[in-house]
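In: got a structure for you, letters missing:
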């Protein structure tokens, strides 16, 4: 009993006191903010609209799933190449920015229906059928690949001294070397502080390492600024939103089969990723329930079909208001795993806070201004945690790592996923199309597993 009393955390249906809830929610916003804003910048979508869309889509996801699956919906990098290519295509060359976004919105909305159809199929045939296609020997490595393909981004951010969207370095040439060193110091302070806080702090403070770590990193950056004159804080690159209060720029979709062809197929590739996230969540939530002495079983993995339907609804909602396509965020799952706060009310509060922030330029500026090196230090921990959760999936499901079949599936997923990221900048050229590395790894792993399972069944019958 003593162990249960010492275990602090919140399960999906538990509601923290309001002051704790707000702090946990702010922590979730900080975790999702960098990637969500980065997708907006890369694709050319409006930053404030993208932030608003992530919050609104998350609320819709949580409501559609009956508040049973604690996930945050954010803009997905899987769609970046497809949306970016469409926005810069010759067919849309004469279009204004908002018209380009409107065309892309139609493809994003249609991609949501792919996830919904997949969810209905899973609900119809059950979890067992999907686990034949996506066993832990596939979802585990996919989760690992998702985290490890982001490792390069984490280290680049940790060393970054660029402070605008063009990547222009405003630090004088004579100070570049010093600025690089200061960036590393700031990122290391953030990383080490966040780890120490998560391991050694107890009680309420122990559930806020992803808030306290970046705060200490920002303080370090401010001290560096005072001591050396090197300013690593960023400035929001969106002139459209001036003044204190500015509503996001909402655009409406325009029917385009070009957008459907470019964007809709990517949704198929995100299904294994979303599946891996749900299995990660199931393991960590039920582990916390056991440690708290709860007799309740949270069958989150059984709600995979509902999750995919919610994911599709998120795409439709985000696309309708002018946000990029997305998925549930591994970063936020890592944040929940580290802090042991899986409360759905916290995620609802985080969604509302994100929507409020998107309407107030100073608030957007405040969070965006966090030095990239601080974010990088945090990402090293978060992205590594995503990969570690992949290992946890395989351990929990007792994947036989001495099986020739499992070794073949795991090995190919890992190498294709990581090789595609670091050998081809994230997209593998294949017969004239660019295949996102995580999607390519997942698809190959699924097909290989099916092929090897046929031989496995024949061997069992012979025996």
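Out: Sure, I can see it. Quick caveat, the model's predicted, so the values are computed rather than measured.

In: list the residues that contact the closest residue to residue 288 other than its chain neighbours.
Out: Closest residue in space to residue 288, ignoring its immediate chain neighbours: residue 9 at 4.9 Å, by CB to CB, 6 or more residues apart in numbering. Using the backbone N, CA and C atoms, a C-beta is placed for each residue, glycine as well. Applying CB atoms under 8 Å, 6 or more residues apart in numbering to residue 9 gives the contacts 207, 288, 291, 292, 339, 340, 341, 342.

In: any chance of the backbone angles for the fourth one?
Out: Backbone geometry at residue 292, expressed as degrees, to the nearest 10, gives phi -90, psi 0.

In: where does the chain have low pLDDT?
Out: 1-7, 81, 162-174, 236-242, 269, 455-463 (pLDDT under 70).

In: reformat the contacts of residue 9 as CSV; add neighbour count and secondary structure.
Out: Converted to CSV, the contacts of residue 9 look like this (neighbours: other CB atoms under 10 Å; DSSP: H, G, I helix; E, B strand; the rest coil):
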residue, neighbour count, secondary structure
207, 25, helix
288, 22, helix
291, 15, helix
292, 19, coil
339, 23, helix
340, 20, coil
341, 27, strand
342, 26, coil
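
In: and the host helix or strand of residue 353, which residues are buried?
Out: Residue 353 is located in helix 344-358, with elements delineated by DSSP states H and E. Of the residues in helix 344-358, 344-355, 357-358 count as buried by neighbour count, 16 or more other CB atoms under 10 Å.

In: helices or strands up against it?
Out: helix 18-43, helix 47-64, helix 361-368 (3 or more CB pairs under 8 Å, 6 or more residues apart in numbering; DSSP states H and E).

In: and those as CSV, adding mean neighbour count and distance to residue 197?
Out: Putting the helices and strands packed on helix 344-358 into CSV (neighbours: other CB atoms under 10 Å; distance: least, CB to CB, whole Å) gives the following:
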stretch, mean neighbour count, distance to residue 197
helix 18-43, 21, 12
helix 47-64, 25, 26
helix 361-368, 16, 20
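
In: residue contacts, residue 283?
Out: 389, 392, 393, 396.

In: who's in contact with the nearest residue to residue 40 once chain neighbours are set aside?
Out: Leaving aside its chain neighbours, residue 40 sits nearest to residue 50 (3.8 Å; criterion: CB to CB, 6+ apart). Residue 50 is in contact with 36, 37, 39, 40, 75, 323, 324, counting by CB under 8 Å, 6+ apart.

In: let's see 6 Å
Out: Residues near residue 50 by CB atoms under 6 Å, 6 or more residues apart in numbering: 36, 40, 75, 323.

In: nearest to residue 101, of those residues?
Out: residue 323 (9.4 Å; CB to CB).

In: distance check, that closest one against residue 41.
Out: 13 Å (CB to CB, to the nearest Å).

In: and what of residue 130?
Out: For residue 130 relative to residue 41 (CB to CB), the value is 35 Å.

In: hang on, the earlier thing: redo the helices and strands packed on helix 344-358 as a markdown table? Include distance to residue 309.
Out: Below are the helices and strands packed on helix 344-358 laid out as a markdown table (distance: least, CB to CB, whole Å):
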| stretch | distance to residue 309 |
| --- | --- |
| helix 18-43 | 21 |
| helix 47-64 | 7 |
| helix 361-368 | 31 |
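
In: wait, which of those helices is closest to residue 154?
Out: helix 18-43 (10.5 Å).

In: tell me the spacing between residue 304 and residue 128.
Out: 11 Å.

In: more neighbours: which of those two?
Out: The residue with more neighbours, out of residue 304 and residue 128, is residue 304; 26 against 8, by other CB atoms under 10 Å.

In: that one and residue 42, how far apart?
Out: 29 Å.

In: and for residue 250?
Out: Taking CB to CB, one finds residue 250 at 21 Å from residue 42.

In: residue 14 too?
Out: 37 Å.

In: residue 299 too?
Out: Taken as CB to CB, the span from residue 299 to residue 42 is 37 Å.

In: what do you get for residue 363?
Out: Taking CB to CB, one finds residue 363 at 22 Å from residue 42.

In: could you do residue 65 as well?
Out: 29 Å.

In: cool, residue 394 as well?
Out: 32 Å.

In: about what we covered before: drop anything exposed from the contacts of residue 283.
Out: 389, 392, 393, 396.

In: of those residues, closest to residue 102?
Out: residue 389 (37.2 Å).

In: for that closest one, what are its contacts?
Out: By CB under 6 Å, 6+ apart, the neighbours of residue 389 are 143, 280.

In: where does it fall, secondary structure wise?
Out: helix 372-396.

In: right, and the helix or strand after that helix?
Out: With secondary structure assigned by DSSP H and E, helix 372-396 is succeeded by helix 404-423.

In: top helix in this structure by residue count?
Out: Identified as the longest helix of the chain according to DSSP state H is helix 97-125.

In: flag every buried residue along the following helix or strand past it.
Out: Using DSSP H and E, the helix or strand that follows helix 97-125 in sequence is helix 127-133. For helix 127-133, a neighbour-count test (16+ other CB under 10 Å) marks 127, 130, 131, 133 as buried.

In: what is helix 127-133 packed up against?
Out: Helices and strands in packing contact with helix 127-133 are not found; criterion 3 or more CB pairs under 6 Å, 6 or more residues apart in numbering; DSSP states H and E.

In: contacts for it?
Out: In contact with helix 127-133 (CB under 6 Å, 6+ apart) are residues 122, 302.

In: recalculate using a threshold of 7 Å.
Out: 122, 301, 302, 304, 446 (CB atoms under 7 Å, 6 or more residues apart in numbering).

In: what do you get for stretch 266-278?
Out: 71, 76, 78-79, 82, 111, 114-115, 118, 134, 138-139, 142-143, 146, 300-301, 304, 307-308, 311, 327-328, 330, 333, 436, 438-439, 442-443.

In: same check on stretch 140-147?
Out: 272-273, 276, 280, 330, 383-384, 386-387, 389-391, 393-394, 399, 410, 413-414, 417-418, 438, 441-442, 445.

In: please check the residues you listed and keep the buried ones.
Out: Buried among the contacts of stretch 140-147 (16+ other CB under 10 Å): 272-273, 276, 280, 330, 383-384, 386-387, 389-390, 393-394, 399, 410, 413-414, 417-418, 438, 441-442, 445.
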